[in-house]
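Undergrad: sequence? don't have it. structure:
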């Protein structure tokens with residue numbers, strides 16, 4: 001029987017582990033995620049950026065994606081989104097969690113819209129993720145260059161007013177590869193963890209390229225969900241280059257095998273390192 005996402009997160013928090021959330025774009029990604037979760041019997045989050053979920057919905061339908069690629073270890077999540085109606089649609093289709101990212105707005109607007117989503121999600125047990133402070137970089141059409149740090153006073157107010165399930169904080173983290181880590185301030189997470197309820201869940205965006213020591217430090221401060229997108233895109237391109245350089249003609253059977261095995265290997269590495 002499939003465990004509730006909140007129970008999974010509570011267990012991970014207790015064990016100082018984290019759930020990996022991979023931003024997927026196509027059916028090869030989905031197939032590999034399903035296969036590796038079943039083989040390892042380890043939970044993971046299939047996460048979609050809004051633009052790619054809209055594309056997959058148009059081509060296949062959200063209901064098809066959930067029925068075909070869901071199992072007892074897979075949880076579906078909508079990443080950064082400000083379209084309230086689209087977020088509600090994902091909730092209604094059975095997503096396990098959704099993100100309303102109001103970090104670009106003033107805190108009052110952010111809290112107001114977050115509460116709207118929480119009210120809708122709570123009816124079906126869907127968890128809600130919010131964000132304070134901007135994670136830099138554009139990811140799948142969402143976001144902008146430049147970042148801002150979450151302020152502890154706003155974090156306390158936001159959490160108290162919304163009762164948010166998952167909090168993503170701007171701590172100098174970024175979408176994409178890091179040039180350096182000079183601007184990373186894990187102390188923000190540490191302070192939030194010390195001042196707020198020790199059951200508060202946090203999310204680390206921009207997981208690609210961060211050293212293990214940093215990721216494990218954030219887990220110590222309450223991070224239970226780690227987002228990975230850029231590394232998956234890079235790995236997908238590497239697999240494509242490998243196939244085209246070694247084959248003169250396209251063969252779907254061999255291509256499918258290469259993609260699912262190669263992607264599964266990447267997923268497994270992350271799962272064994274941070275979740276298992």
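TA: Structure received. Keep in mind that what you see is a predicted model, and the values were worked out from it rather than measured.
Undergrad: separation between residue 52 and residue 59?
TA: Taking CB to CB, to the nearest Å as the criterion, residue 52 is separated from residue 59 by 11 Å. For every residue, glycine as well, the C-beta is placed using N, CA and C.
Undergrad: Strands along the stretch 151-276 of the chain, start to end?
TA: 166-169, 201-204, 223-228 (DSSP state E, counting those that start in this stretch).
Undergrad: Quick one: closest of those strands to residue 25.
TA: Proximity of these to residue 25 was assessed by CB to CB; the nearest stretch is strand 223-228, lying at 12.8 Å.
Undergrad: same for that closest one, what does it pack against?
TA: With contacts defined as 3 or more CB pairs under 8 Å, 6 or more residues apart in numbering; DSSP states H and E, strand 223-228 has these neighbours: helix 5-15, strand 19-23, strand 201-204, helix 252-274.
Undergrad: can I get these in a markdown table with distance to residue 163, mean neighbour count and mean pLDDT?
TA: Formatted as a markdown table, these follow (distance: least, CB to CB, whole Å; neighbours: other CB atoms under 10 Å; pLDDT from 0 to 100):
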| stretch | distance to residue 163 | mean neighbour count | mean pLDDT |
| --- | --- | --- | --- |
| helix 5-15 | 13 | 16 | 97 |
| strand 19-23 | 20 | 25 | 98 |
| strand 201-204 | 12 | 24 | 97 |
| helix 252-274 | 27 | 16 | 98 |
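Undergrad: Could I get those in TSV, plus columns for distance to residue 120?
TA: Formatted as TSV, the helices and strands packed on strand 223-228 follow (distance: least, CB to CB, whole Å):
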stretch	distance to residue 120
helix 5-15	16
strand 19-23	21
strand 201-204	19
helix 252-274	31
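Undergrad: and the closest residue to residue 243 other than its chain neighbours, what does it touch?
TA: Nearest residue to residue 243 in three dimensions, chain neighbours excluded: residue 258, at 5.5 Å (CB to CB, 6 or more residues apart in numbering). Counting by CB atoms under 8 Å, 6 or more residues apart in numbering, residue 258 makes contact with 239, 242, 243.
Undergrad: now swap in residue 21 and tell me
TA: Residues counted as contacts of residue 21 (CB under 8 Å, 6+ apart) are 44, 45, 47, 77, 79, 203, 225, 226, 227, 228.
Undergrad: number of nearby residues for the nearest residue in space to the last one that is not next to it in sequence?
TA: Going back to what we said before, that points to residue 228. Nearest in space to residue 228, with sequence neighbours left out and distances taken as CB to CB, 6+ apart, is residue 207 at 4.6 Å. Applying the criterion other CB atoms under 10 Å, we find 26 residues in the vicinity of residue 207.
Undergrad: can you check the one 10 residues further on too?
TA: Here the number of neighbours of residue 217 (other CB under 10 Å) works out to 15.
Undergrad: looking at it, residue 135 is touching residue 203, isn't it?
TA: No - assessed by CB atoms under 8 Å, residue 135 is found out of contact with residue 203, at 10.1 Å.
Undergrad: Which neighbours do these two have in common?
TA: When contacts are counted by CB under 8 Å, 6+ apart, residue 135 and residue 203 are jointly contacted by residue 168.
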